[in-house]
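Chemist: With the input below, show me the fold.
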Amino acid sequence: MRVVRRFYFYLVAFISLEVVIWGLVTLTSSFINSPVGGGLANLLARGLSQVIVGLPILWLHWRVIVGDYHQTEEERHTRVRALFLYGLKIATLAPILINLLAVIRKPLIIWMNVNSTSPPFLASQEIFDNLISIFVNLVIWFYVERILKQDWLLDPMANSLRDIRRLYRYVWLLLSIGSLVIGLEQIVVFVLNFEKVIGNARADSLANGIAVAIIAAPLWAWMTRLIQHSLDKNEELFSTLRLVVLFALTLSGVAFVLSISGTLISSMVRWLLGQPYTWIGWVSQYSSWLATLLPFVVIWSYYGRNLDFQISKEYDVVRRASLKRLYHSILALAGNVVVFTGLVVLVNLIVDLFFGDYLAVENFRNQLSIGLTCLIVGLPLWITPWLSVQKEAVQKNDLGDHARQSAVRKGYLYLVIFALVVGLMSMAGYLAFRLINSLLGNLSEDLLQFSLQKAGQLALIGLWLVYHLRVLRADGKTAQQILRKRHSDFTTLIIAKNQGDPIIDLFADQTKRQIPDLQVTNVFIDAGKPEDYLKSYSALVIAADQMASLPDHLRLWMNEFTGQIIVLPIAARKYNWVGIPNREEKEIVYDAVRILRQLAEGQPAKSGGASNAWSVASNVLAVLFLLQLLIGIVSLVLSVVLN
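Modeler: Model (predicted):
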């Protein structure tokens, strides 16, 4: 309940403070722009009403917040308080920067002799109003900064402050990067248009671009410096948020660079195929694309190196490999889709050329340029990272085993296979529908052309499906070979009373069913002390009722055993098992063999306990959800086929 109460007071305080801030801005603006009358009277009335309404509510709620802060230690370092304070810093710094942008933009427009028709972004056109807004928000920003410094002095290691401060910095980093890209794009567009006349309408975008760059570049440099200086602390260097931001920036850079490059390459292919262009005309027409390409090349290069550095700092070799695998798999998946799309376009184009009635030159040029561009862009994007992923997966060591069994690789393969199977069903169904419909008398003129296009697409889907199924099968085959080797190397001892002990037959039956390659050696209590070399075996299995009556020599021998010991909770006179339900010996042996398999495969031993009502209910709900999903997929396929 305290969390809800805390959230309420801080939220109302935040909203009421914003009302008071903008009421003060409006009120001050109305006084400076006196005399009062007409529109200025409306400003004065609006400002007064905002202050009169917001100030008492702010005072009441802030008083409660301050009281709780001094009375309860828990209130001093909550995430809600940290989010409130850093949220206020964002809510005040954003208007400061926006109005500063308007102040910088105004003299640039005057100097360039531009009659600007676009108003400043979220800011007044009057410089005095901009300065008032900057001053009022700056006062509140410094006040919030002072409160934050006090909170940091009280507890420099507070997780709430560190987490929200990290989020605050990365939010501004992303905003500054986005703003800088926009500003540079507008500047470069003006430069590439070859109409660099001061007073031209395009100079308006130049003024905007320069103003945005002047604000965004220092902000980016400031946030980058703060983040870089914080990386000497492990919690900052290895934070999940930093990794997510680096992944997002790098992948967005890749996506924009490749998509823009595809657009430019496609236009060049059309140019080579006869579309009339001049060099100056082409640069002018695609100046916006070229201007956007340059910043994203820098983003990809800079933050790609940062991502590589971040991954290389991971102490865990497996985690380091999995992060690289995730990055390469995302790129490979995107390239896979682009290459497949390009081949589909080219197949359709070939069929249209040989079997279509007429194909316009413009359509031919567009389709050919799209298909070739997809191959030019998609093949390197797919093959290079995919070869890296495949190289890792074919290794017959622990890293290769982790790669083959990783959720990223399995998700990649099954996602592609799922999409191909669904596409195969829908396309084959649609083709069958058209053919059957034609046999029933509803002939169409383009039936041959349509059928050949769908046949070519089905061939591509089949080729892609066979390849990915073979990769999946090869993973399974290699994994089985390695697992069989591990099972055979995992030597196991079973301590039994004598040759007639029923546990021997139970183990023989279960190992044959679950892990037939497991090497099992029986040690009989009645046979005396076992050989010393058996102490180095991987695992030892013994029933609790046998442990109660072990001879001294065997007990001493077991104390020197170096492997894992699995105790079967079989009923014994001196043992009362807590938390373990009564089960038959067959079930106990089955569970023990399963644990042996886990240990042999290098996994932690997890015993299969009895299912409770919640687990049963969750399983039932999961089955119902999957059934609903399956029904939805079938309905989608049927709708495609029938329509």
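Chemist: in stretch 384-401, what's buried?
Modeler: Neighbour-count burial for stretch 384-401 flags 385, 386, 388, 389, 392, 393, 399, 400, 401 (criterion: 16 or more other Cβ atoms under 10 Å). In short, each C-beta sits where N, CA and C put it, glycine included.
Chemist: packing partners for the host helix or strand of residue 270?
Modeler: Assigned by DSSP states H and E, residue 270 belongs to helix 240-272. If contacts are counted by 3 or more Cβ pairs under 8 Å, 6 or more residues apart in numbering; DSSP states H and E, helix 240-272 sits against helix 159-192, helix 279-285, helix 287-312, helix 317-355, helix 361-393.
Chemist: Turn the ones you listed into TSV, columns for mean pLDDT and distance to residue 250.
Modeler: Formatted as TSV, the helices and strands packed on helix 240-272 follow (pLDDT from 0 to 100; distance: least, Cβ to Cβ, whole Å):
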stretch	mean pLDDT	distance to residue 250
helix 159-192	90	12
helix 279-285	81	28
helix 287-312	91	5
helix 317-355	89	8
helix 361-393	88	13
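Chemist: closest to residue 462 out of those helices?
Modeler: helix 317-355 (12.2 Å; Cβ to Cβ).
Chemist: C-terminal to the one helix or strand residue 522 maps to, what's the next element?
Modeler: Assigned by DSSP H and E, residue 522 falls within strand 519-524. Scanning forward in sequence from strand 519-524 by DSSP H and E, the next helix or strand is strand 539-543.
Chemist: So which elements touch that following strand?
Modeler: Strand 539-543 is packed against strand 491-496, strand 564-568, helix 585-600, with contacts defined by 3+ Cβ pairs under 8 Å, 6+ apart.
Chemist: ranking the ones you listed by burial, who's on top?
Modeler: Mean neighbour counts were compared across the helices and strands packed on strand 539-543 using mean count of other Cβ atoms under 10 Å; the top stretch is strand 491-496, at a mean of 22.
Chemist: just for the stretch 1-150 of the chain, where's the confidence low?
Modeler: Within the stretch 1-150 of the chain, the ranges that satisfy pLDDT under 70 run 1, 33-41, 115-125.
Chemist: Include mean pLDDT when you put the helices and strands packed on strand 539-543 into CSV, please.
Modeler: Shown next, in CSV, are these (pLDDT from 0 to 100):
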stretch, mean pLDDT
strand 491-496, 86
strand 564-568, 84
helix 585-600, 83
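Chemist: before we move on, the earlier item: could you tell me the angle between the helix holding residue 270 and helix 159-192?
Modeler: Put simply, helix 240-272 runs at 20 degrees to helix 159-192, going by axes from the mean of the first three to the mean of the last three Cα atoms, to 10 degrees.
Chemist: how about helix 240-272: buried residues?
Modeler: 242-243, 245-247, 249-254, 256-262, 264-271.
Chemist: Could you tell me the angle between it and helix 361-393?
Modeler: Here the directions of helix 240-272 and helix 361-393 differ by 140 degrees (the same axes, to 10 degrees).
Chemist: and of the helices and strands packed on strand 539-543, who's closest to residue 528?
Modeler: Between those, strand 491-496 lies closest to residue 528; by Cβ to Cβ that is 12.8 Å.
Chemist: Show me what secondary structure element comes after the closest one.
Modeler: Sequence order places helix 502-514 as the next helix or strand after strand 491-496, per DSSP H and E.
Chemist: Now that following helix: buried residues?
Modeler: Going by neighbour count (16+ other Cβ under 10 Å), the buried part of helix 502-514 is 503, 504, 506, 507, 510, 511.
Chemist: Any figure for the gap between the fourth one and residue 240?
Modeler: In this case it means residue 507. As judged by Cβ to Cβ, to the nearest Å, residue 507 and residue 240 stand 45 Å apart.
Chemist: count of neighbours near residue 463?
Modeler: Residues lying near residue 463 (other Cβ atoms under 10 Å) number 13.
Chemist: confidence score at it?
Modeler: For residue 463, the pLDDT comes out at 94.
Chemist: Just the C-alphas of stretch 61-72, formatted as CSV.
Modeler: Below are the C-alpha coordinates for stretch 61-72, written out as CSV (Å, rounded to 0.1, in the frame of the first residue of the first chain):
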residue,chain,number,x,y,z
HIS,A,61,1.6,17.1,-1.7
TRP,A,62,5.2,18.2,-1.5
ARG,A,63,4.7,18.8,2.2
VAL,A,64,3.7,15.2,2.7
ILE,A,65,6.6,14.0,0.6
VAL,A,66,9.1,16.0,2.6
GLY,A,67,7.6,14.8,5.9
ASP,A,68,7.8,11.2,4.8
TYR,A,69,11.4,11.8,3.6
HIS,A,70,12.5,13.0,7.1
GLN,A,71,10.5,10.5,9.1
THR,A,72,11.0,7.2,7.2
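Chemist: Centre of the chain to that stretch, how far?
Modeler: Centre-to-centre, stretch 61-72 and its host chain are 39 Å apart (Cα atoms, centre = their mean, to the nearest Å).
Chemist: which other residues reach that stretch?
Modeler: Residues outside stretch 61-72 that contact it (Cβ atoms under 8 Å, 6 or more residues apart in numbering) are 6, 9, 10, 12, 13, 16, 75, 76, 81.
Chemist: Which ones among those lie within strands?
Modeler: Nothing among the contacts of stretch 61-72 maps onto strands, per DSSP state E.
Chemist: how close does the spatially most central residue of the chain sit to residue 323?
Modeler: Nearest residue to the geometric centre of the chain (Cα atoms, centre = their mean): residue 244, 6.7 Å. Going from residue 244 to residue 323 by Cβ to Cβ gives 11 Å.
Chemist: max-length helix in this structure?
Modeler: Identified as the longest helix of the chain according to DSSP state H is helix 447-489.
Chemist: Just the angle for it relative to strand 519-524, thanks.
Modeler: Using the same axes, to 10 degrees, helix 447-489 lies at 30 degrees relative to strand 519-524.
Chemist: tell me what helix 447-489 is packed against?
Modeler: Under the contact definition 3+ Cβ pairs under 8 Å, 6+ apart, helix 447-489 sits against helix 317-355, helix 398-405, helix 407-439, helix 585-600.
Chemist: Alpha carbons only: can I get the shortest one in CSV?
Modeler: Output for helix 398-405, consisting of C-alpha atoms alone and laid out as CSV, is shown next (Å, rounded to 0.1, in the frame of the first residue of the first chain):
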residue,chain,number,x,y,z
ASP,A,398,31.8,-27.0,-25.2
LEU,A,399,31.4,-23.7,-27.1
GLY,A,400,30.1,-25.5,-30.1
ASP,A,401,27.7,-27.5,-28.0
HIS,A,402,26.4,-24.3,-26.4
ALA,A,403,26.0,-22.8,-29.8
ARG,A,404,24.0,-25.7,-31.2
GLN,A,405,21.8,-25.8,-28.2
